[in-house]
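J.: Quick one, structure for this:
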Amino acid sequence: MEYLYALWRFFPAPLLVYQIAVTVIAAFMLINAALDWFYFRRPRSVSAPKDIASVSVLIPARNEDAHIGDCIDSLLAQDYPGPLEIIVLDDRSEDGTSAEVQKRQRQAQASRPTLKLMQGGEILPGWKGKPNALRQMATEASGELLLLTDADCVFLPGAIAAAVAFKEETKADSLSLIPFLQCDSFWENVLIPLQYFLIFATLPVRAISETANPAFAASNGAFILISAKTYAALGGHSAVRDEMAEDVLFARHVKRSGYRLFYGDGAAVYKVRMYASFQEIWAGFSKNLFSAMGKSVPIVLLWSVFALATQVAPFAFLTVALIRGDHSLAGFALPLMQCLVALGIRAALAVRFQNALWATLTHPLGWFVFTGIALRSAYLGISGKGHAWKGRVYQ
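T.: Numbers count the residues shown, from 1 in each chain. Modelled structure (predicted):
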């Protein structure tokens, strides 16, 4: 803190320029979040779609015996009016994943969606685990529509019908929805909702569906609804076969190929508890962030500086100003505005997505830790140590 105080005492002009720049960025974030609030649409009802297409739900599963049961149960309980099949690929699990699926196969009634279990083969050279699993399941799927999802997702009543109807309504070739992010522990509440903040503060959601520029592309790998014909024409996940953050890069591939992408709010459609502990959060995001940033160290470094400058430093400046009794424009007033914008956006999103409101006050802590995760993800990628997940290490 003493260093920060000395910085703005002896270099007032550069500091003022810096604070004005950060304030302009904060203003952009506020405007973008306000626009996204209205453009980030969600299915408005659970009414049946006009055209009853058959749906295949594809679930890659590796060491998921703690989650796969709830996922399948929620899908078996769907009242989708058309043909619905659930395909689970056990990707060489080392736990009771297959047993959990088989138990539900025995319990499933004929009137329910069909449930099929596949045993995964070897990972092809140059492929990562999830794209390789989706490649295998796509060949067995019979549905006109494919729902690519994860084993830790739980679908709310009417979810499939609502999503199919929403895809028709938005005229999307590929529809992706973000989930309700269930957070139970302290670190989950601190870190997981930052994903909502990142989307609303920095991503012009309308540009995803209204422009052809692949730079404006986003997708959540836990929910991608796409026609089987479109998926085949795209070559499935082959274009992103060697990516850990395959969902974001798949979305760019969809737009580059001339298809319409739509990204929406699926908090009323399905929920996910991504990680249950700090260790899982650290490992889970570490495996994806470097890939999501194009496997570029300069981009990771620039993003880290941006996050620290706009989401962490304002709180440090404000703290020092309060301690010192400084009420100057650069030392107090502008950092105060920057903090109020960040906390305001975070609080509004906590209300919208029913996250813990108290976690708003941990905003700078969350971004500080998240920056550390990004740097670690880059280090693992360039050091040769690789990214470990579910008992595998991916180089």
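J.: switch to C-alpha atoms for all contacts and neighbour counts from now on
T.: Will do.
J.: What segments of this protein are strands?
T.: Along the chain, counting by DSSP state E, strands occupy 55-61, 84-90, 114-119, 145-149, 153-155, 174-178, 180-181, 223-227, 261-265, 270-272, 387-389, 392-394.
J.: Those strands: which one's closest to residue 34?
T.: For the strands of the chain, distance to residue 34 was read as C-alpha to C-alpha. The smallest value, 14.8 Å, belongs to strand 261-265.
J.: Mind giving me the packing neighbours of the closest one?
T.: When contacts are defined as 3 or more C-alpha pairs under 8 Å, 6 or more residues apart in numbering; DSSP states H and E, strand 261-265 sits against strand 174-178, helix 205-210, helix 246-256.
J.: how about 10 Å then?
T.: Packing contacts for strand 261-265, counted by 3 or more C-alpha pairs under 10 Å, 6 or more residues apart in numbering; DSSP states H and E, involve helix 12-39, helix 159-170, strand 174-178, helix 205-210, strand 223-227, helix 246-256.
J.: okay if I get those as JSON lines plus mean pLDDT and distance to residue 367?
T.: JSON lines is the format used below for these (pLDDT from 0 to 100; distance: least, C-alpha to C-alpha, whole Å):
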{"stretch": "helix 12-39", "mean pLDDT": "92", "distance to residue 367": "15"}
{"stretch": "helix 159-170", "mean pLDDT": "93", "distance to residue 367": "32"}
{"stretch": "strand 174-178", "mean pLDDT": "96", "distance to residue 367": "20"}
{"stretch": "helix 205-210", "mean pLDDT": "93", "distance to residue 367": "22"}
{"stretch": "strand 223-227", "mean pLDDT": "97", "distance to residue 367": "26"}
{"stretch": "helix 246-256", "mean pLDDT": "93", "distance to residue 367": "21"}
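J.: Indicate which one of the strands of the chain is closest to residue 366.
T.: Across those, closest to residue 366 is strand 180-181 (C-alpha to C-alpha), at 15.8 Å.
J.: Any chance of JSON lines for the strands of the chain, columns mean neighbour count and distance to residue 344?
T.: Listed next are these as JSON lines, based on neighbours: other C-alpha atoms under 10 Å; distance: least, C-alpha to C-alpha, whole Å:
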{"stretch": "strand 55-61", "mean neighbour count": "26", "distance to residue 344": "37"}
{"stretch": "strand 84-90", "mean neighbour count": "23", "distance to residue 344": "41"}
{"stretch": "strand 114-119", "mean neighbour count": "17", "distance to residue 344": "45"}
{"stretch": "strand 145-149", "mean neighbour count": "22", "distance to residue 344": "32"}
{"stretch": "strand 153-155", "mean neighbour count": "24", "distance to residue 344": "29"}
{"stretch": "strand 174-178", "mean neighbour count": "26", "distance to residue 344": "21"}
{"stretch": "strand 180-181", "mean neighbour count": "22", "distance to residue 344": "19"}
{"stretch": "strand 223-227", "mean neighbour count": "23", "distance to residue 344": "28"}
{"stretch": "strand 261-265", "mean neighbour count": "25", "distance to residue 344": "20"}
{"stretch": "strand 270-272", "mean neighbour count": "21", "distance to residue 344": "24"}
{"stretch": "strand 387-389", "mean neighbour count": "17", "distance to residue 344": "35"}
{"stretch": "strand 392-394", "mean neighbour count": "14", "distance to residue 344": "39"}
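J.: List the contacts of stretch 283-297.
T.: 192, 242-249, 274-275, 278, 280, 299-300, 303, 370, 372-382, 386-390, 393-394 (C-alpha atoms under 10 Å, 6 or more residues apart in numbering).
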